[in-house]
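*Asks:* Next comes the sequence, and after it the predicted model I'd like to discuss.
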Amino acid sequence: MSTNNFFEKKRGWSIIKDEIISHYLTPYIYKLLTTKKPLTLIDCFAGKGVFEDGSIGSPIIIANKIKEILEKNKKTDIKGIFIEKKYYDDLKENLKTYNNCEIRKGTFEDHIIDVINRRRGSNIFLYIDPYGIKSLDFVRLKKICKSNFNTLEMLMNFNSFGFLREASRLKKYQNEFYLEKDLESYEVDEKNSIENMIRIAGGEYWIELLDDYNRNIISMHEAERKFVEKYVENFHKLFKHVINIPIKTKEKNIPKYRLIFGTNHDDGLTLMADNMNQKWKKIIENERQGQLSIFDVAQGSIFSEAISIYSFPDFTEEKDYNPREDIINILYESQKYVKFKTLIVKMIKKYGIAYSTKEYISIIKQLKKEGIIDIYRNPPYTKSGRPARWYDINRDIRVRLRCFIKQ
């Protein structure tokens, strides 16, 4: 992407991304601080930190989160690391009043392995929001995930449409991917190659998909969806849990961007899903009612520009989405008690952020009321001797289909 005028004002997808990371980081930080291990937040493509119109970017959002923690306890081992080459001087100026913030001059490729190695044993959160796709070498992502850390979570903005667009250019396909102009211009790197695209994708699977699309065997939408499915399969080699959030333009059904989140911990997955579900529903509601959120006011209503262009798909309107039936199917296939948290995790891995833990609990309560499932709690009684009725995914609750009869 050309960055010459990128920081003139905050626009489009950048607005939504920054709201998402701001919304997620607060509960994430407080959750990870309970581990008593150092916490490191790494912004891998930081930029200036402040746009020319005065709106703030991810570095300032992260720095403010750190500032909030340090104001409560100066001894907290929390640190922000920001990697930036082109706008290093601007970023340094914009972060000069913040403590525990380190700025690395250079590229993601130059610094990321050293940064992680220097924070050995940390809980690490990686925010990877590149200007394009060329820096997302999958081999490098593998090296990151093999580093010595306590926990690692990764939130990455992946321009799936941009990948297929660049791949079409390299394959000399004059198709719709290549000919359509993106809402936010992305760089054309004349030095790029098919071999580099293979490294970015983590394989050659995309070549056949693009060939099939070019021969009209599959649609543009199918090509993007199948490409992302294969890419996420690769991500599962790095993380136990992976969810991706498609972001579409309103005039097109095909996603332009994918937010891909990876974690190795059930708690990380449920925390991300619940918080992103809350934010996603607010955006959907704002889109439908034409209203602005609290964040809009704080940002001078610039969020209205983003929601006029981009949309979060309403997964709950998809025909193949039936969480009640899927819960019953999971229990039927198990033929035994299933841990409550395991059941919730399985649902999140299928539905992503479409439903919250609270909504899954509501379905389970109804199934219990109808006599379809049994619930075992340990301990089964409260301290006062009454039957336990709590639904806490972090406690010992198990669920099974009654008599193993599929409804």
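*Replies:* Received, thanks. Numbers count the residues shown, from 1 in each chain.
*Asks:* ok, the closest residue in space to residue 133 that isn't next to it in sequence to residue 202 distance?
*Replies:* Distances taken as CB to CB, 6 or more residues apart in numbering place residue 163 nearest to residue 133, at 5.2 Å, with adjacent residues excluded. Backbone N, C-alpha and C define where each C-beta goes, glycine included. Distance of residue 163 to residue 202, given as CB to CB, to the nearest Å: 12 Å.
*Asks:* So between the two, which is more surrounded?
*Replies:* residue 163 (25 against 21; other CB atoms under 10 Å).
*Asks:* looking at this, the more buried one is in a helix?
*Replies:* Yes: under DSSP: H, G, I helix; E, B strand; the rest coil, residue 163 falls within a helix.
*Asks:* my guess is it contacts residue 230, does it?
*Replies:* No: if you go by CB atoms under 8 Å, residue 163 and residue 230 don't touch, sitting 11.5 Å apart.
*Asks:* Between these two, which contacts overlap?
*Replies:* 201, 206 (CB atoms under 8 Å, 6 or more residues apart in numbering).
*Asks:* Give me the pLDDT for the closest residue in space to residue 379 that isn't next to it in sequence.
*Replies:* Leaving out its chain neighbours, the residue that sits closest to residue 379 by CB to CB, 6+ apart is residue 388, at 6.5 Å. According to the prediction, residue 388 has pLDDT 93.
*Asks:* Equivalent analysis for residue 298, please.
*Replies:* For residue 298, the model assigns a pLDDT of 40.
*Asks:* quick one, what contacts the residue nearest to residue 133?
*Replies:* With CB under 8 Å, 6+ apart, residue 163 has these contacts: 133, 197, 200, 201, 206, 227.
*Asks:* hang on, isn't the residue nearest to residue 379 packed against residue 376?
*Replies:* No: using CB under 8 Å, residue 388 is not in contact with residue 376, being 9.8 Å away.
*Asks:* In which helix or strand does the nearest residue to residue 237 once chain neighbours are set aside reside?
*Replies:* In this structure, residue 237 finds its nearest non-sequential neighbour in residue 142, 7.7 Å apart by CB to CB, 6+ apart. Using DSSP states H and E, residue 142 sits in helix 138-145.
*Asks:* again with residue 103
*Replies:* strand 101-105.
*Asks:* Can you list the buried residues in that strand?
*Replies:* Buried residues in strand 101-105, counted by 16 or more other CB atoms under 10 Å: 101, 103, 104.
*Asks:* Can you tell me the closest non-neighbouring residue to the first one?
*Replies:* Distances taken as CB to CB, 6+ apart place residue 80 nearest to residue 101, at 4.6 Å, with adjacent residues excluded.
*Asks:* That neighbour in helix, strand or coil?
*Replies:* Assignment for residue 80 (three-state DSSP): strand.
*Asks:* Dump the buried residues of strand 101-105 to JSON lines, plus distance to residue 356 and pLDDT.
*Replies:* Shown next, in JSON lines, are the buried residues of strand 101-105 (distance: CB to CB, whole Å; pLDDT from 0 to 100):
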{"residue": "101", "distance to residue 356": "33", "pLDDT": "97"}
{"residue": "103", "distance to residue 356": "37", "pLDDT": "97"}
{"residue": "104", "distance to residue 356": "37", "pLDDT": "97"}
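*Asks:* Identify, from those, the entry nearest to residue 282.
*Replies:* residue 101 (29.2 Å; CB to CB).
*Asks:* just checking, the closest one touches residue 82?
*Replies:* Yes: if you go by CB under 8 Å, residue 101 and residue 82 touch, sitting 6.7 Å apart.
*Asks:* Identify the contacts common to the two.
*Replies:* 59, 95.
*Asks:* Specify which member of the buried residues of strand 101-105 is nearest to residue 380.
*Replies:* residue 101 (49.6 Å).
*Asks:* Quick one: neighbours of residue 100, just the number.
*Replies:* Residue 100 - counted by other CB under 10 Å - has 18 other residues nearby.
*Asks:* This completes my enquiry, with thanks.
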